[in-house]
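Colleague: Below are the sequence and a predicted model; questions follow.
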Amino acid sequence: MTKPRRLYIFTGKGGVGKTTLAKAFTRCLLEHDLQAAYVTLQNQSLGERNTGTKDSKVDGIREISLDLEDAARGYIEKKLGSKLIASWIVKTPFFRALVNMMPGFSYLIFLGKMLQLGADDPRLILVLDAPASGHALTMIESTTNFQQIFESGAIFDDTMKMLSRLNDPEYTKIHVVSLPSLMSWQEAQELRAGLIQRTPVTVDITVNNCLYPLLEENLDELPAGLREKALYERQLVSEHRDQMRCVLPHSLARDTALVQADLLGSLPNLI
Amino acid sequence: MTLTSKSFEIFCGTGGVGKTTLATARGIALAKAGKRVLLITIDPARRLKDLLGLSGDQVGEVVPVEVIGVKLHALLMSPEKTILRMSQKYQKPDLATNRIVQILSRPYGGMNEILSLVEVQMQFETGSYDVVVLDTPPGAHFLDFLESLSKIRSFFDQNFMEIFSYLGQKTAQAGKKVFGRGIINRFISGGVRKLLSYLEAVTGGQFIDDFIQAVQIIYQSKDAFMKGLSLQDRLKSPRECNWFLVTSVEQGKASEAIELRSHAGHFIHQDHFLVLNKCLAKDLETWTPTDLKMKAVKKSLTDNEQDLKGLLRNVFPMVLEFPEVISLSPIEHLKHLTEKWNSYASQS
């Protein structure tokens, strides 16, 4: 087994099975006697539906759901040494506009919070269920953007630190999740190419929910459309297998927990 | 069920469900029926480019295209180009040259959704089109798009005045002209000064100055943004706008579509459609597997699809189903989906 990283980012378009995969992967880390938590980011802008950061155990997995306002307040509090002032600042319309208008500012705040979690507990591995693909790029880009925007100040120094952490191949690994369709595959490759341009960490593609492994023994009896689908998936996978870290079959299980259990065997591959 | 074309047709939904292809097919179907159609996509993946064969230097420009023998216009959103058009149209040269405004209008910047609305409004105002088909960015972006309407309003809102009162004192005349609001402002600006001094400790002083200048420049183009905002009323009108929420069987995200529906509920009127793409049902019906394992596969696929349809029909008044098109050629996809749109239009 490869040496585990500290931060795993699962990214890809909505509905490709990112959440199920990220949760199953967290479980897989736990089964390898590692400490891991599944992380989601709640809101992208300040001032709406503030639900607070949650840190709880769900079905034996530690789930951390980060809240943007909490994370921003925490950071400012640390810098200025006052909870009161920090609470006031994050509520002001000016600060809200600043965070909401700046591309990736929210990710900068979230990233800072995650790296802090990692620093507080040196054994904890974070598995991030990142928002849809465009956003994953923004997230990686945000640190570079902000170096250009802030030319000085505490946040500049912190951004530099964050950047070196995030771009450390020993610290971070990115998994792009795709479906076995041409469009999804092309998008995953585009995203991977975009990420590789911006960061030296490993970026792997996992193809999820493949029907063909279940159908290929019985191709002849399938209705035409389904047969074509199976053949087409198989062709796509065989053509690009060398660029796919992991190919996961469709699970017949109806229940999410059982789907996760189905996946477990293939996942050590993603560590 | 009625599906008549409207001035605005908006496609929203999660990514990777074929939303862009469906929107393009809708545009083609309408153009084929004799409408003058402009198709706008603000999807950052710019997949439309591949489908329509548009090259890189045309991004951000309206271009005439011909797909499967049908002529229409297409525009791939580029926030930069929109800013440029705005600055020319409303004669605000600073808007196009300010460093921070440029950063704000980068892809994924906070101004993307606002700018796309402004763009739709500017394009429709030319009177060259009967229908503007808008393909919005996927997933969480969809909510951003809807919420950008309130974001833009709050940006130009009274609450925000406090910062401008401070600007009035700190910077040029321009600020004062727009924001001179007397004694109350001077009172608030004490708080603002304190806020800025705290923020400077975190972000550095230069940045605060730059950002304030950018805000001021944006504020001076208030009218242009407010015009984009006025589009909101038209998008809310069932007479003027169709909303299509797209999801797919493959990705089975009923929960997400339902969530979108409930969040968007205050914004979208009743005349909206749930579009369920990549349906396998027709194919599955004709399949009579003998072997146990295959029976299980058929049951699993059929149940998934039926459950999804059941859930969606409970929540959405109108569900449009599109079959899975298995083909490597995007043109084949467009042909099939365009026909399906036509069949829905002729049913009504």
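Modeller: Okay, I see it.

Colleague: how about the strands in the chain?
Modeller: As the question left the chain open, I've gone with chain A. A:7-11, A:35-41, A:54-58, A:61-66, A:124-129, A:172-178, A:202-210, A:246-249 (DSSP state E).

Colleague: not quite, I wanted chain B
Modeller: Using DSSP E, strands in chain B cover B:8-13, B:37-41, B:62-67, B:70-76, B:131-135, B:241-248, B:272-279, B:319-323.

Colleague: could I get those strands as TSV with mean neighbour count?
Modeller: Placement of C-beta: from N, CA and C, glycine included. Converted to TSV, the strands of chain B look like this (neighbours: other C-beta atoms under 10 Å in any protein chain shown):
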stretch	mean neighbour count
strand B:8-13	25
strand B:37-41	25
strand B:62-67	16
strand B:70-76	21
strand B:131-135	26
strand B:241-248	24
strand B:272-279	22
strand B:319-323	18
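
Colleague: Select, out of those, the one closest to A:His175.
Modeller: Closest to A:His175 of the strands of chain B, according to C-beta to C-beta: strand B:241-248, at 22.0 Å.

Colleague: quick one: strands adjacent to that closest one?
Modeller: Partners of strand B:241-248 in the sheet, by DSSP bridges, are strand B:8-13 (parallel), strand B:272-279 (parallel).

Colleague: Including mean pLDDT, could those strands go into a markdown table?
Modeller: Formatted as a markdown table, those follow (pLDDT from 0 to 100):
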| stretch | mean pLDDT |
| --- | --- |
| strand B:8-13 | 88 |
| strand B:272-279 | 87 |
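
Colleague: can you put those in a markdown table and add distance to B:Gly56?
Modeller: Below are those laid out as a markdown table (distance: least, C-beta to C-beta, whole Å):
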| stretch | distance to B:Gly56 |
| --- | --- |
| strand B:8-13 | 23 |
| strand B:272-279 | 28 |
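
Colleague: The ones you listed: which one's closest to A:Ser238?
Modeller: Closest to A:Ser238 of the strands paired with strand B:241-248 is strand B:272-279 (C-beta to C-beta; 22.4 Å).

Colleague: contacts for that closest one?
Modeller: Residues from elsewhere that reach strand B:272-279 (C-beta atoms under 8 Å, 6 or more residues apart in numbering or on different chains): B:3, B:11, B:13, B:17-19, B:22, B:242-250, B:257, B:261, B:305, B:308-309, B:312, B:315-324.

Colleague: which residues does the closest residue to A:Leu124 other than its chain neighbours contact?
Modeller: Nearest residue to A:Leu124, sequence neighbours excluded (C-beta to C-beta, 6 or more residues apart in numbering or on different chains): A:Gln35, at 5.1 Å. Taking C-beta under 8 Å, 6+ apart, we find A:Gln35 in contact with A:Leu29, A:Asp121, A:Arg123, A:Leu124, A:Ile125.

Colleague: And for A:Gly112?
Modeller: So A:Gly112 contacts A:Ala71, A:Tyr75, A:Asp158, A:Met162 (C-beta under 8 Å, 6+ apart).
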